[in-house]
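A.B. asks: Structural data only, the sequence is not supplied:
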């Protein structure tokens, strides 16, 4: 039997940030963010299709990634939210990615803290986050919001560290 959870809030505010559901027009920004990873750039059409699918899944699952915008500037700096990812709907993953220009300013921690509070409000008992072993910045964010390392698995890109937090 699957537990029933409340939907997460799809609009969150922090001191400096607004987190919201994706709009199709965000495809331009998301494509640029993906490009910073050093991978092949997807087409705008494929990114737009992914965003439409993400909105549909959010309605079905009650969780989603949210855009992060700086309130004063209004600019898109990344995303943060809950996903099934390598985990489950009952114990989803928190995920985030920001433009490199937004790193080291506390934005990821601020956004992740808001998403953590939204996850608690759904009634879930545990969250996960899977992070490449090389990603020290993500480990710092996770430690600040109360996650600890649980175990590792290995994928095609190397070691994947599973981090967990009871809610």
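C.D. replies: Great, that's in hand. Everything quoted here is computed from the prediction, not taken from an experiment. Numbers count the residues shown, from 1 in each chain.
A.B. asks: what is the rounded mean pLDDT of the longest helix along the chain?
C.D. replies: Using DSSP state H, we find that the single longest helix of the chain is helix 44-61. Mean per-residue pLDDT for helix 44-61: 97.
A.B. asks: what comes into contact with that helix?
C.D. replies: 10, 21-24, 26-28, 30-31, 34, 42, 64-65, 84, 89 (C-beta atoms under 8 Å, 6 or more residues apart in numbering). The C-beta positions use only the backbone N, C-alpha and C, and glycine is treated the same way.
A.B. asks: Those: which two are farthest apart?
C.D. replies: Pairwise distances across the contacts of helix 44-61 peak at 29.7 Å for 28 and 89 (criterion: C-beta to C-beta).
A.B. asks: List buried members of the contacts of helix 44-61 by neighbour count.
C.D. replies: Buried members of these, scored by 16 or more other C-beta atoms under 10 Å, are 10, 21-22, 26-27, 30-31, 34, 42, 64-65, 89.
A.B. asks: now, which of the residues you listed lie within strands?
C.D. replies: residue 65 (DSSP state E).
A.B. asks: Quick check: helices, which of the contacts of helix 44-61 are part of them?
C.D. replies: In this view, those that belong to helices under DSSP H are 27-28, 30-31, 34.
A.B. asks: Can I get the buried ones among the contacts of helix 44-61 in TSV including distance to residue 118?
C.D. replies: Shown next, in TSV, are the buried ones among the contacts of helix 44-61 (distance: C-beta to C-beta, whole Å):
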residue	distance to residue 118
10	9
21	12
22	16
26	19
27	24
30	21
31	26
34	24
42	28
64	10
65	12
89	15
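A.B. asks: what sits against the spatially closest residue to residue 93 that is not a sequence neighbour?
C.D. replies: Take residue 93 and drop its neighbours on the chain: the residue closest to it by C-beta to C-beta, 6 or more residues apart in numbering is residue 85, 4.0 Å away. Residues near residue 85 by C-beta under 8 Å, 6+ apart: 92-93, 95, 128, 130.
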